[in-house]
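Chemist: got a sequence here, can you model it:
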Amino acid sequence: MANAKEIKERMASIEETRKITNAMYLISSSKMKQAKKKLADTEPFFYAMQAEIARILRHVPDMHSQFFDGREDIPAEERKIGYIVVTADKGLAGAYNHNVIKKTEELLQKPGKHKLFVLGEAGRQYFAKREGIEMDTQFRYTVQNPTLHRSRTISLEIAQQFRSGELDEIHIIYTRMVNAMTAETEEQKLLPMKKTTFLPENMPAIVGTGLYQEDMVFWPSTHSVMGNIVPNYINGIIYGCLVESYCSEHNARMQAMQNATDSATDMLNELNITYNRVRQADITQELTEIIGGANAQKRK
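Modeler: Numbering: from 1, shown residues only. Prediction:
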């Protein structure tokens, strides 16, 4: 059994670790609340964008736009598919990064020519070691503090690759926080879009945003208007996914740090009991030696 000094040093080390994990819990809690507020403040604008696309399609249902071009003539094995993968910049977040990577690996098994656009240092380090996977090495954006400017940069880049034919499909893989205890890794198709997505029954979130306003004038043309609205809409989706992932990451980190803090507390309680026993044993040993010494003196 370790002596009292070693146990005391061990307890001090665990106490310092507990302070760090508790601080990380509080920091993640604060960042998550700020991100959720930012998302709530910007959501109405992007819901309005979705409503305007629906109105345009309702007025011009036979409109042909490159953003709705499914390119059905390209066989599945030849389709160039891009995946925006949203991971964290660091670990200590439970299974958050593992779940995103696992979902990506499953999608990479499907037919097609795959290309990855990885956000977050954890995902980049993982897929950089994988052979046979094409990854855009210039796509080095951080996932910390998601902003509209960053999401707009990303959306313009991927939209340009879709327009030029470098990619036939674009998907985003992110983590959605269902509640305080549950998060789900999801995959959403960004391009090409489907007109059925913008039917009123498929958009419950935009009820009351002006979907049934009839007076519309397209200038200079319907295609030009759609060409400006869709990138903003894609920008909104990407921004929402970045914020959702950011919230999920910090929620996972909160749970991991809470578990670590609780474990440290349990270890301290156990060590405290052991420390008291060792001290008691030391005191008993000292008393025994003193009594033994006293009895030896008497016999002399």
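
Chemist: so what's the backbone phi/psi at Phe117?
Modeler: Backbone torsions of Phe117, given as degrees, to the nearest 10, read phi -120, psi 100.

Chemist: please report how far it lies from Ala23.
Modeler: Per Cβ to Cβ, to the nearest Å, Phe117 is found 33 Å from Ala23. Where you see a C-beta, it was placed from the backbone N, CA and C, and this is true even at glycine.

Chemist: name the residue in the two with the higher neighbour count.
Modeler: Applying other Cβ atoms under 10 Å to Phe117 and Ala23 shows that Phe117 carries more neighbours, namely 21 against 12.

Chemist: who's in contact with that one?
Modeler: By Cβ atoms under 8 Å, 6 or more residues apart in numbering, Phe117 lies in contact with Gly82, Tyr83, Ile84, Val85, Met135, Asp136, Phe139, Ile154, Ile158.

Chemist: right, and Glu43 touches Tyr239 too?
Modeler: No: look at Glu43 against Tyr239 with Cβ atoms under 8 Å: they stay out of range, at 9.6 Å.

Chemist: between those two, which has more neighbouring residues?
Modeler: Between Glu43 and Tyr239, Tyr239 has the larger neighbour count (other Cβ under 10 Å), namely 24 against 15.

Chemist: excluding its backbone neighbours, what's nearest the more buried one?
Modeler: Leaving aside its chain neighbours, Tyr239 sits nearest to Ser151 (3.8 Å; criterion: Cβ to Cβ, 6 or more residues apart in numbering).

Chemist: my guess is the one you found contacts Ile234, does it?
Modeler: No: with contacts counted by Cβ under 8 Å, Ser151 stays clear of Ile234, the gap being 9.0 Å.

Chemist: show me which of those two is the more surrounded one.
Modeler: Ile234 (26 against 21).

Chemist: strands of the protein, residue ranges please.
Modeler: In chain order, the chain shows strands spanning 80-86, 113-119, 134-135, 169-177, 183-191, with DSSP state E as the criterion.

Chemist: list the neighbouring strands of the second one plus their orientation.
Modeler: Using DSSP bridges, the strands paired with strand 113-119 in its sheet are strand 80-86 (parallel), strand 134-135 (parallel).

Chemist: got it, and the fourth one?
Modeler: For strand 169-177, sheet partners with direction are given as strand 80-86 (parallel), strand 183-191 (antiparallel), following DSSP bridges.

Chemist: and the ones you listed: which comes nearest Ser248?
Modeler: With Cβ to Cβ as the criterion, Ser248 lies closest to strand 183-191 of the strands paired with strand 169-177, at 4.3 Å.

Chemist: chain center to that closest one, what's the gap?
Modeler: Relative to the centre of its chain, strand 183-191 is centred 11 Å away, using Cα atoms, centre = their mean, to the nearest Å.

Chemist: which residues sit against it?
Modeler: With Cβ under 8 Å, 6+ apart as the criterion, strand 183-191 contacts 67, 84, 96, 99-100, 102-103, 107, 158-159, 162, 167, 169-178, 234, 237-238, 241, 248, 251-252.

Chemist: if any of these are buried, put those into a PyMOL selection.
Modeler: To isolate the buried subset of those in PyMOL, counting by 16 or more other Cβ atoms under 10 Å, use the following:
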select buried, resi 67+84+96+99+100+103+107+158+159+162+167+169+170+171+172+173+174+175+176+177+234+237+238+241+248+251+252
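
Chemist: how about the helices of this structure, start to end?
Modeler: 4-59, 96-108, 121-128, 148-163, 222-299 (DSSP state H).

Chemist: who's in contact with the third one?
Modeler: The list of residues contacting helix 121-128 from outside it, by Cβ under 8 Å, 6+ apart, reads 85-91, 97, 100-101, 104, 116, 118, 133, 135, 140, 142.
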